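Asks: what would the 3D arrangement of this be:
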Amino acid sequence: MITCTSPGAALAFRYRRGGLHLPRLGLWLDATRSVKRPERAFVSHAHADHVARHEEVIASLATARFLQARLGGKRTEHLLPFGETRAFDHGEAPYRLTLLPAGHILGSAMARVEAEGETLLYTGDFQLRPSPAAERCRPCPADLLVMETTFGRPEYCFPPRPEVWDAVVRFCHETLSGGGTPVLLGYSLGKSQELLLGLAESRLRLAVHPQIQKLTVEYEHLGRSFPPYELLDAQTPRGCVVLCPPSAARSPWLHRLKPIRSAVVTGWAIDPRCRYRYGVEAAFPLSDHADFPDLLRMVEQVAPRQVFTCHGFAADFAATLRERGVEAWALGEADQLTLPLGWPEVRA
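Replies: Numbers count the residues shown, from 1 in each chain. Below is the predicted model:
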């Protein structure tokens, strides 16, 4: 266990299986294994690597809708509007929890937890840049910051979004003018809706894979409007720009639209080898995660006493923070093994 302050502190936590466990509170943050009562699970957003079939969850309304669409089933839900603080007392120590928008996808939330006079801000996946497909990220001060650091190296500095959108539209027009079908690969929840909105003024004819259409309908139920689009099926005509999740890039419906030119839309496109890894003709660096400069800005805005990093280049970013005089450690074995004497206790 990483105790952060003292072994019996209310905000002492354990990091395992990608999730954060605060045992004295009976609270999990983004647990990837099912959490049983009487403990509860905060779900920051509904991407597959942040969810499980929990019995009782704390989430935003949008996240709850996406969970139902993706997982189905029944669960007890505590749905918190952004900025509203709710008190909980089902564990050893009572706590107060506030959801703040994370800017990652619609409904994605950071959790600010207050207990025994201390505060912890858990970011989940976040981005500070505004996105048409998500609420604007709103960090707040906290004593402890647990943050995702997917792009935690200096080389991951994203170009201005208008430049990326111009390149995407140019790719589509060039493919169509050559008699081909442009296929844009992006995750069905979040990235695909951002693509739809970003292409709204391009006057391109858009067709979406059924997985994307299902979740876009949920966005529409939550009050978001999109440009006209059609469903990708056996009747889809040539001349469309197709939006497709990477997992469905070899959909049989695409064969009849050949020749195809595919492009992946991801922050990893900063790496020049990205398009070869994905087996596509182009890669565009449009991400719903914070880049390296925005990771640093997040730390500045929260101004925590201690920072704990997770996911991606966690150890690299923690080392960068220490070089800048910030007490920071990665939540992973490699960094824990280097903890100095006197650092909070670490147990297997």
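Asks: now Leu106. Its backbone dihedrals?
Replies: When read as degrees, to the nearest 10, the backbone of Leu106 gives phi -60, psi 130.
Asks: contacting residues for it?
Replies: Neighbour list for Leu106: Ala62, Ala133, Ala134, Glu135, Gly190, Gln193, Tyr219, Leu222, Arg224 [criterion: CB atoms under 8 Å, 6 or more residues apart in numbering]. Using the backbone N, CA and C atoms, a C-beta is placed for each residue, glycine as well.
Asks: what do you get if the cut-off is 6 Å, keeping everything else the same?
Replies: Ala62, Ala134 (CB atoms under 6 Å, 6 or more residues apart in numbering).
Asks: buried residues in the top helix by length along the chain?
Replies: For the chain, the helix that runs over the most residues, judged by DSSP state H, is helix 161-177. Of the residues in helix 161-177, those buried under the neighbour-count criterion (16 or more other CB atoms under 10 Å) are Arg161, Val164, Trp165, Ala167, Val168, Val169, Phe171, Cys172, Thr175, Leu176.
Asks: can you name the helix or strand that the nearest residue to Lys214 once chain neighbours are set aside falls in?
Replies: What sits nearest to Lys214 in space, not counting adjacent residues and going by CB to CB, 6 or more residues apart in numbering, is Ala69, at 6.5 Å. Ala69 is part of helix 61-71, with elements assigned from DSSP states H and E.
Asks: following that helix, which helix or strand shows up next?
Replies: Next along the chain after helix 61-71, taking DSSP H and E as the criterion, comes strand 76-79.
Asks: just the CA atoms of that following strand, as CSV, please.
Replies: Coordinates of the C-alpha atoms in strand 76-79 are reproduced here as CSV (Å, rounded to 0.1, in the frame of the first residue of the first chain):
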residue,chain,number,x,y,z
THR,A,76,-26.8,0.7,-8.3
GLU,A,77,-25.9,4.2,-9.6
HIS,A,78,-25.0,7.4,-7.8
LEU,A,79,-25.1,10.0,-10.6
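Asks: thinking again about what came up before, list the buried residues in the helix holding Ala69.
Replies: In terms of neighbour count (16+ other CB under 10 Å), helix 61-71 has its buried residues at Ala62, Thr63, Ala64, Arg65, Phe66, Leu67, Arg70.
Asks: mind picking the lowest-pLDDT entry from those?
Replies: In terms of pLDDT, the weakest of these is Arg70, which scores 82.
Asks: what about that residue, distance to Pro132?
Replies: Here the criterion is CB to CB, to the nearest Å. By it, Arg70 lies 22 Å from Pro132.
Asks: for Tyr187, which non-adjacent residue is spatially closest?
Replies: For Tyr187, the closest residue by CB to CB, 6+ apart turns out to be Pro245, at 6.0 Å.
Asks: quick check on that neighbour: phi, psi?
Replies: In terms of degrees, to the nearest 10, the main-chain angles of Pro245 are phi -70, psi 150.
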